[in-house]
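Chemist: here's my sequence, what's the structure:
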Amino acid sequence: MNPRITLEQWQALVAVVDAGGYAQAAERLHKSQSSVTYLVQKLESLLDVKVFEIKGRKAALTPTGQLLYRRARVLLDEAAGIEQAAKSASAGWEAEIRLAAEIVFPAWLLLKCFDKLNAESPHTRIEYIESVIAGTNEALLAGRADLAITVSIPQGFTGALLMPLRMILVAHPEHPLHKLGRPLTMRDLRARQLVIRETDALRATKTMVEATQRWTVSHISTAIFAASMGFGYGWYPEERILGELRDGKLKRLPLREGAERVGQLYLVYADRENAGPGTLRLAQIIHDSVKAECASAAA
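Modeler: All right, here's what the predicted structure looks like:
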C-alpha cells in the first residue's frame, strides 16, 4: 500500500496543534496560512475524516484527530531519525563505541559525556565497561575497547593525561582503628581490608597491605557501602566519598605514612591513527568535561 498522505501534510497537522492555530503554524513552517489550511484540508479529504471541530471560538481535535496527531508525531520523529542516521553514516560515525574506564573514575561524568555524544550522533551505541586496574588495559590489549580511562598507558598505545587521582584511607568513625587514638602504622592495618576485585583474567596485582582479613568485592560502590557500615577500611577516591565524609559515615584514618595515594588517570586510544570520528569526538568531550569539572572544583 502506497501512503496517500505526504510528510508535509502530517507536519502541517502537527504544527497547527503544537503552535495553537493555523496562523502560528504558518509562521513556524515559513508558509502562508492558506497553504497550511490547504494541507490539513487535503489530509482530511484523502482520509475522509474530520481532524478538527469548532468549540466556541477555537478549533479542537476530534477523537480521530487526536489519534492521527499522536501517530503523526511518531512518524515525524522517525523520519527525522532516519535523516540523522543517514547524516551520521555519511560522516563515517561508528555504529558502536566501546569504552573501558577504571571504576574509580566518576561514572556520573562519563554518563554526561555519553549524553552529549548521542545528542550529536543519536544512532551511535555506547558500551561502557567498568574495569579495575589491569582489567582496563586488558580490554585494550584484547581489542574489546576503542577508548580506555586507565591508571597507566600500556606499551604500544597512545594516550594523554586526563586528571589526577587522589585516594584517601577511610573507615567508619566507630571502627576500632579510630579508637586507637594515635597515628596508625601499616602494622595496625592488619584488620579487615575491603578490596575491589580486578577485572582482568589473572588478577595479578598485589595488595600493599597484608591484612589478616580481606573482603573482596566486585564494585567500588559495594566497598564504600561496606566501609560505611563499619565492616572494614579501604582507600577510595575522595570525589566518590564526599557525601559519606560529609554525613559522618566515613572518616579519614590517621595513617602515619600513606594515608593518601596520588596517581594519574589517562585517556588511551586502542588505535589513534584509525579511530573513527565518533571515538575522536567522545575523547574530546571527555577531555573538555574533565577540564571543566577540575576547574570548577579548584575555584
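Chemist: tally of neighbours for Ile168?
Modeler: 19 (other Cβ atoms under 10 Å). Heads up, the C-betas are built off the backbone N, CA and C, glycines and all.
Chemist: scratch that, Gln213
Modeler: So Gln213, with other Cβ under 10 Å, has 11 neighbours.
Chemist: and it, how far from Val195?
Modeler: As judged by Cβ to Cβ, to the nearest Å, Gln213 and Val195 stand 11 Å apart.
Chemist: wait, is Ala59 part of a helix?
Modeler: No. Assigned with DSSP: H, G, I helix; E, B strand; the rest coil, Ala59 falls outside any helix and is strand.
Chemist: who does it form a beta bridge with?
Modeler: According to DSSP bridges, the residues that bridge with Ala59 are Ile54.
Chemist: so who does it touch?
Modeler: Going by Cβ atoms under 8 Å, 6 or more residues apart in numbering, Ala59 touches 21, 52-53.
Chemist: surely Leu169 is in a helix?
Modeler: No. Using three-state DSSP, the assignment for Leu169 is strand, not a helix.
Chemist: picking up where we left off before, top of the contacts of Ala59 by neighbour count?
Modeler: That'd be Phe52 among these, by other Cβ under 10 Å, with 18 neighbours.
Chemist: so for the closest residue to it other than its chain neighbours, what's the pLDDT?
Modeler: Leaving aside its chain neighbours, Phe52 sits nearest to Ala59 (4.2 Å; criterion: Cβ to Cβ, 6 or more residues apart in numbering). We have a pLDDT of 76 for Ala59.
Chemist: secondary structure element for Asn274?
Modeler: Take DSSP states H and E as the rule and Asn274 turns out to sit in neither a helix nor a strand.
Chemist: how many other residues sit next to it?
Modeler: 9.
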